[in-house]
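Trainee: Show me how the following folds:
(one chain, ligands or ions: 1)
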Amino acid sequence: MPIDTNQEKMNIMDNQQGLVVAGATLLVATIAFIKILLRSGSSAGKRLPPTIRTSPVVGGLIRFMRGPIPMIREEYTRLGSVFTASILGRKITFLVGPEVSEHFFNGYESELSQREVYRLTVPIFGPGVVYDVDYPVRMEQVQMFNCVLRGNKLRGFVGQMVLEVEEYFSKWGESGTVDLKSELEQLIILTASRCLLGREVRENLFDDVAPLFHDLCTGMQPISFIFPYLPIPAHRRRDRARARLGEIFSTIIKSRKASGRSEEEDMLQFLIDSKYKDGRNTTEEEITGLLITTVFGGFQTSSIASTWTGAYLLQLKQFFATAVEEQIQVMKRHGDRTDYDVVSEMHFLHRCIKEALRLQPPIPMLLRQSHCDFTVTTKEGKEFDIPKGHMVASPLAFANRLPHIYSNPDSYDPDRFAPGREEDKAAGAFSYMSFGGGRHGCLGEAFAFLEIKTIWMHLLRNFELELVSPFPEKDESTAIVGIQGAVIVKYKRRKLVISS
Ligand code: HEM
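Mentor: As a prediction, this is how the structure comes out:
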């Protein structure tokens, strides 16, 4: 067959052009694919944290539910201070210790937010407040908390706390046996009612309100983190309690507004009188939600902290003796005066509470949702990129016991915070994490210390105490880690004698 050489040349050129086009197309496609991968947050080019070993799908969840702290301890030893776990298809990156926690605590809300992880609080706190509203409104509400819990009002609360504590313990006999845990729970809710919820609740409605708060607290189950509206009995009780609290506070607020009286010194009145920046008044629904938020934030945490403080002091008698001696010295200086300034001088007692909270933080882990990639540098100088979309966890119960920060980290030693040692500052601002820190650190920390110090000041001055039950174990079955069973204590009245 004759060959048309021109045609042949054209065919060869076509083939070559085809190859070039195909090659170019492949190159462009490859570049585009890489770009898409990078844009979609894939691992390409990133220094991702190591991942923990689990079997697929629910493996991470099973290990996590068996106990997050043992899992974190094991992986920290194996992988270091930054690692990722896959739990029910979600990636959770753990940042362990102060060196890698700066961004966690100080990142902007647009970069690392709380709203998604705390949505389980919406049915508890109610609509229109805190994690149910946009960030700027939440910040105005946080500012309202700030004024009550950190400002001058705090000084005035001490007098009310002292009255409540004296009245409560006056009902104890000359000697007896009590469950310290349940006693302190009742006392803390009474004090919170007096200082925060107001006279009406404290004097007339306490027996109605206290069980409603109990139902709100038990309505926060581990499952609520994933399914906050699951129709389980605990959630139904929570919703009924929240609705009833709404009715009670609505009646009180209406009656206070109608009477025109505003001389009350409690948080309720402060919130009634508060306005937003645009001049709008707080609504009944918001006032109720903000009150519930405050009591909820402080009730369980403070009663757990006061019981642990007692358990350690009664178990380790040398510290009990030092705490009593401090009271004697304070009484020598101030007699029976017990105001804000006097309570603030009880530095050893403060350290005892702080140390109990280091070892037994009621909130063992904090969470955030990341909306931007960010980089952390470990103390060994390794850099990791945490991708947008990860949930980020700060396991503070573990971080509070890191041996490069705390000497003998598992032992109770209040003087580790004393001047000269100050182990809680050894690795910077986030060495001690029981109250969180940075942008969303606990607003009730000062209130909690005053409340717990007032209780223990009274007990140390007026009672001999002995722990009868074994040293308590922690209860990790609830979202806020409490104390298992009763803490049985024998008491006998005795007054501290001050020799001149
Ligand atoms: C021993 C007692 C307490 C402990 C251990 C504790 C612990 C904490 C922790 C760890 C956080 C940070 C949460 C996070 O970053 O996600 C926090 C926040 C908060 N706490 Fe406390 N708390 C205690 C007592 C109180 C009390 C008594 C109140 C109120 C009367 C209170 C009100 C708050 C509020 C309003 C926030 C939110 C702050 C914000 O988001 O800006 N807390 N608390």
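Trainee: how much space between the closest residue to Val133 other than its chain neighbours and Phe213?
Mentor: Nearest residue to Val133, sequence neighbours excluded (C-beta to C-beta, 6 or more residues apart in numbering): Gln141, at 7.4 Å. For glycine as for every other residue, the C-beta is placed from the backbone atoms N, C-alpha and C. Taking C-beta to C-beta, to the nearest Å as the measure, Gln141 falls 20 Å from Phe213.
Trainee: Tell me the residue of this structure that sits nearest the ligand?
Mentor: Nearest residue of the chain to the ligand: Gly444, at 1.9 Å (C-beta to the nearest ligand atom).
Trainee: What's the per-residue pLDDT of Glu200 here?
Mentor: Per-residue pLDDT puts Glu200 at 88.
Trainee: What of Val142?
Mentor: pLDDT, read off for Val142, is 94.
Trainee: is it true that it touches Gly444?
Mentor: No: the pair Val142 / Gly444 is not scored as a contact, 11.7 Å apart, by C-beta atoms under 8 Å.
Trainee: Tell me which of these two has more neighbours.
Mentor: Gly444 (21 against 16; other C-beta atoms under 10 Å).
Trainee: quick one, phi psi at that one?
Mentor: Backbone geometry at Gly444, expressed as degrees, to the nearest 10, gives phi -100, psi 10.
Trainee: correct me, but Phe471 touches Leu316?
Mentor: No: counting by C-beta under 8 Å, Phe471 stays clear of Leu316, with 9.7 Å between them.
Trainee: quick one, which of these two is more surrounded?
Mentor: Leu316 (17 against 11).
Trainee: what residues are up against the more buried one?
Mentor: Contact partners of Leu316, counting by C-beta atoms under 8 Å, 6 or more residues apart in numbering, are Tyr412.
Trainee: do the same with Ile405
Mentor: 97-98, 423, 426-427, 431.
Trainee: pLDDT value on the residue of the chain closest to the ligand, please?
Mentor: At Gly444, the model reports a pLDDT of 95.
Trainee: now swap in His350 and tell me
Mentor: For His350, the predicted pLDDT is 98.
Trainee: So what's the residue count around it?
Mentor: By the criterion of other C-beta under 10 Å, His350 has 19 neighbours.
Trainee: Was I right to think it contacts Phe449?
Mentor: Yes: distance between His350 and Phe449: 6.2 Å, which falls inside the contact criterion (C-beta under 8 Å).
Trainee: what sits in contact with each of those two?
Mentor: With C-beta under 8 Å, 6+ apart as the test, His350 and Phe449 reach no residue in common.
Trainee: Okay, and the residue nearest to Val133 sits in which element?
Mentor: For Gln141, the host element (DSSP states H and E) is helix 135-150.
Trainee: Show me what the following helix or strand past that helix is packed up against.
Mentor: Using DSSP H and E, the helix or strand that follows helix 135-150 in sequence is helix 153-170. Counting contacts by 3 or more C-beta pairs under 8 Å, 6 or more residues apart in numbering; DSSP states H and E, helix 153-170 packs against helix 180-192, helix 340-344, helix 445-462.
Trainee: Export the ones you listed to TSV and append columns for mean neighbour count and distance to Ser259.
Mentor: Compiled in TSV, the helices and strands packed on helix 153-170 are given as follows (neighbours: other C-beta atoms under 10 Å; distance: least, C-beta to C-beta, whole Å):
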stretch	mean neighbour count	distance to Ser259
helix 180-192	22	24
helix 340-344	16	30
helix 445-462	22	27
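Trainee: can you pull the contacts of the residue nearest to Val133?
Mentor: Contact partners of Gln141, counting by C-beta under 8 Å, 6+ apart, are 129-130, 133, 286, 290.
Trainee: So which of the residues you listed belong to helices?
Mentor: 286, 290 (DSSP state H).
Trainee: May I see the contacts of Gln141 organised as JSON lines, with distance to Met161 and pLDDT added?
Mentor: Output for these, formatted as JSON lines (distance: C-beta to C-beta, whole Å; pLDDT from 0 to 100):
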{"residue": "Val129", "distance to Met161": "25", "pLDDT": "97"}
{"residue": "Val130", "distance to Met161": "25", "pLDDT": "96"}
{"residue": "Val133", "distance to Met161": "31", "pLDDT": "96"}
{"residue": "Glu286", "distance to Met161": "26", "pLDDT": "96"}
{"residue": "Leu290", "distance to Met161": "21", "pLDDT": "96"}
